[in-house]
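Visitor: I would like to see how this sequence folds:
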Amino acid sequence: MEYLKKFLPEDKFFIFNCDENNLINEIKKADVAVPLMSRLSSEIIKNGKNLKLIHQFGVGLEGVDIKTANEQNIYVANIPANKTGNAYSVSELTLFLIFSLLKNWNEAQLSFKNRKIGYPLGDVILNKKFLVLGYGNVGKAVVDILKKFNVKIYVARRQIKNKSTKKIQFITFNELDNFLSEIDFLIVAISLNNNTKNFVDEKIIFKMNKDAYLINISRGGTVKYDALLTALKQKKIKGAGLDVYWDEPFNPTDEILNYNVIATPHIAGSTTYSYELMAKYMARNIKRVLLKGLPPI
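Guide: Take a look at the predicted model:
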């Protein structure tokens, strides 16, 4: 909100809690709704009598009933990750999770508290094999940053549209089984939709080798919770790095966090760099819709 105010100083901003009944009542006042982590159901949207635009401050629109918005002649827009520094910010957080897992960050913190020196032993990124699941804006940014290291990268897509290089090999989702046992990291970067919900399930996770890690920077629902929990419990994989969860905010006492998991509170895209550009992009669309009657771009 503070970033948006820089570009829309004359406008009024309100923050409401996510309770559906509260939103049904409060949304009547709004010209623009920014859902963030709230769900905008059909009933909520129908009560937005003055609504002209629903604009996500980021990419995810899975919580918005777009069909109802279209029926109500309300524009729906998001912010492409490649235009605002969001994808780059996510790629850096991905590196943080990778190195935190390689250096046994959770154990290192215990060693520090217990005044232990030189333990635990860590590992290096050198010659590691990465499989990036999805090649949208975020997936591309992750691949670009990984290319700077001496690693092997596999990229899985539904259809191969890119030529493989010495460092990057493109494969299809149907070929995953041929590579899961040899990779060191599986990085989930697919968008969440009806086709990808619980896509990373037992059939995928249990085929990874026991020294491999899973990192999810997409949406919690792309990874099947029970499959990941079982894999961590039974040490079918070595650990996980999570920035997104099945329910948010996530329960900090959840059982899955008892294992080797590096957890961050959905902050991959939350940087001063990306927020400045995202606010500028959104403010431009708000002015287009409210002042000029034009669609967002």
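Visitor: Could I get the full set of strands for the stretch 101-250 of the chain?
Guide: Secondary structure of the stretch 101-250 of the chain (DSSP state E, counting those that start in this stretch): strands at 129-133, 152-157, 168-172, 185-188, 213-216, 239-242.
Visitor: Same list, the ones you listed, but as JSON lines with distance to residue 86 please.
Guide: Every residue, glycine included, has its C-beta placed from N, CA and C. Formatted as JSON lines, those follow (distance: least, Cβ to Cβ, whole Å):
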{"stretch": "strand 129-133", "distance to residue 86": "17"}
{"stretch": "strand 152-157", "distance to residue 86": "20"}
{"stretch": "strand 168-172", "distance to residue 86": "22"}
{"stretch": "strand 185-188", "distance to residue 86": "16"}
{"stretch": "strand 213-216", "distance to residue 86": "17"}
{"stretch": "strand 239-242", "distance to residue 86": "18"}
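Visitor: want to try TSV for those, with mean pLDDT and mean neighbour count as columns?
Guide: What follows is these, written out as TSV (pLDDT from 0 to 100; neighbours: other Cβ atoms under 10 Å):
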stretch	mean pLDDT	mean neighbour count
strand 129-133	98	23
strand 152-157	96	21
strand 168-172	96	16
strand 185-188	98	26
strand 213-216	98	26
strand 239-242	98	24
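Visitor: Relative to residue 32, which of those strands is closest?
Guide: With distances scored as Cβ to Cβ, the stretch of the strands of the stretch 101-250 of the chain nearest to residue 32 is strand 213-216 (30.4 Å).
Visitor: mind listing what the closest one pairs with, with the direction of each?
Guide: Under the criterion DSSP bridges, strand 213-216 sits next to strand 185-188 (parallel), strand 239-242 (parallel) in its sheet.
Visitor: The ones you listed: which one's closest to residue 158?
Guide: Of all the strands paired with strand 213-216, it is strand 185-188 that lies closest to residue 158, at 14.6 Å by Cβ to Cβ.
Visitor: what's the closest one in contact with?
Guide: Residues outside strand 185-188 that contact it (Cβ atoms under 8 Å, 6 or more residues apart in numbering): 94, 98, 128-134, 142, 180, 200, 204, 208, 212-218, 222-223.
Visitor: for stretch 64-81, same thing?
Guide: Under the criterion Cβ under 8 Å, 6+ apart, residues 35, 39-42, 45-46, 48, 51-61, 86-87, 90, 136-138, 141, 269, 278, 281-282, 285, 289, 295-296 lie in contact with stretch 64-81.
Visitor: what's the spacing between residue 43 and residue 24?
Guide: From residue 43 over to residue 24 the distance is 6 Å, taken as Cβ to Cβ, to the nearest Å.
Visitor: So between those two, which is more surrounded?
Guide: With neighbours defined as other Cβ atoms under 10 Å, residue 43 and residue 24 compare such that residue 24 has more, 16 against 13.
Visitor: what's the closest of the strands of the stretch 101-250 of the chain to residue 2?
Guide: Counting by Cβ to Cβ, residue 2 lies closest to strand 239-242 out of these; the figure is 27.3 Å.
Visitor: and residue 267, which of the three is it?
Guide: Of the three states, residue 267 takes coil under DSSP: H, G, I helix; E, B strand; the rest coil.
Visitor: so it touches residue 243, yeah?
Guide: Yes. Under the contact definition of Cβ atoms under 8 Å, residue 267 touches residue 243, with a separation of 6.6 Å.
Visitor: one step back: is it possible to get CSV of the strands paired with strand 213-216 that adds distance to residue 149?
Guide: As requested, those are exported to CSV (distance: least, Cβ to Cβ, whole Å):
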stretch, distance to residue 149
strand 185-188, 12
strand 239-242, 16
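Visitor: Can you give me the distance of the residue positioned nearest the centre of the chain to residue 128?
Guide: Nearest to the geometric centre of the chain sits residue 218, at 3.1 Å (Cα atoms, centre = their mean). Taking Cβ to Cβ as the measure, residue 218 falls 21 Å from residue 128.
Visitor: And for residue 102?
Guide: Here the distance between residue 102 and residue 128 works out to 8 Å (Cβ to Cβ).
Visitor: neighbour count winner among these two?
Guide: Neighbours per residue (other Cβ under 10 Å) separate residue 102 from residue 128, with residue 128 holding more: 20 against 17.
Visitor: quick one: contacts for the closest residue to the more buried one other than its chain neighbours?
Guide: Spatially, and ignoring its direct neighbours in sequence, residue 128 is nearest to residue 184 (4.3 Å; Cβ to Cβ, 6 or more residues apart in numbering). With contacts defined as Cβ under 8 Å, 6+ apart, residue 184 is in contact with 128-130, 211-213.
Visitor: Kindly recompute the last result at 7 Å.
Guide: Residue 184 makes contact with 128-130, 212-213 under the criterion Cβ atoms under 7 Å, 6 or more residues apart in numbering.
Visitor: Fine by me, thanks again.
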